[in-house]
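# got a predicted structure here, sequence first:
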Amino acid sequence: MASIQLSVLIPTPRRTPRQRVLLCGAAVFGLLASVAVLPTVWNLLTLLHTLPHWDLLERMLAHSPMTAWLLMLAWGAAVPLCLLATLFGGLHWRGALLTVAALLLAVVWYMHMPALQQCSLLSGMGDACRLLQTVYPLSLGLAVAVYLFGLVVLLLSSLGLVSLAPADEDPLNRDRYHYGV
């Protein structure tokens with residue numbers, strides 16, 4: 001049985017050891033810098049709650065708060081995943097639009113979802129609430145780390161130190177499968 005190589009499923013450009021070290025350094029920088037930036041992000045999220053709200057959406061999310069909180073985790077995870085797909089998947093402008101759309105959805109959802117502190121008021125949801133209250137800050141911290149990583153990668157790419165997937169290249173590299181033609 002033939003094994004499937006990961007490079008067939010997720011095509012990536014060849015990187016030199018220097019580029020790999022720079023990408024690892026960018027990842028470490030993103031994680032460390034997110035610790036410093038996270039309090040500012042929490043303040044920004046608190047500020048979002050002071051903006052005007054759509055009553056209909058707020059009532060719909062308050063009707064099933066656990067679903068709203070779980071979907072917020074999904075929307076929050078979609079933004080950094082779209083950003084990484086844009087940077088390394090060769091999506092370029094389509095990926096940028098997808099990232100902005102996911103970001104807008106996550107911000108609007110966050111503004112209107114019930115406060116996570118209300119979770120403890122739900123009967124029988126003690127363990128789930130503690131898990132959510134632990135996962136939310138971790139999720140936000142990882143998302144901020146990915147944003148900062150993306151900014152550093154874009155900076156390194158603009159300086160020509162790291163290569164990203166070219167826009168005109170076939171992402172599936174279909175020519176690879178025409179042997180002897």
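Sure, I can see it. Residues are numbered from 1 along each chain as shown.

# give me the number of residues near residue 119?
19 (other CB atoms under 10 Å). No exception for glycine: its C-beta is placed from N, CA and C like everyone else's.

# setting aside sequence neighbours, what's the nearest residue to it?
Closest residue to residue 119 apart from its sequence neighbours, by CB to CB, 6 or more residues apart in numbering: residue 129 at 3.8 Å.

# report the contact partners of the one you found.
By CB atoms under 8 Å, 6 or more residues apart in numbering, residue 129 lies in contact with 119, 120, 122.

# need the pLDDT of it.
Each residue has a pLDDT score; the one for residue 129 is 83.

# where does it land in three-state SS?
Per DSSP: H, G, I helix; E, B strand; the rest coil, the secondary structure class of residue 129 is helix.

# ok, now how distant is it from residue 49?
As judged by CB to CB, to the nearest Å, residue 129 and residue 49 stand 20 Å apart.

# then residue 132?
18 Å.

# what's the answer for residue 90, then?
For residue 90, the distance to residue 49 - CB to CB - is 37 Å.

# who has more neighbours out of these two?
residue 90 (21 against 11).

# need the pLDDT of that one.
Value for residue 90, per-residue pLDDT: 73.

# what distance do you get for it to residue 84?
According to CB to CB, residue 90 and residue 84 sit 12 Å apart.

# helix or strand for the residue positioned nearest the centre of the chain, which one?
With the centre of the chain defined as its mean C-alpha position, the nearest residue by CA atoms, centre = their mean is residue 80, 1.2 Å away. Assessed by DSSP states H and E, residue 80 sits inside helix 65-88.
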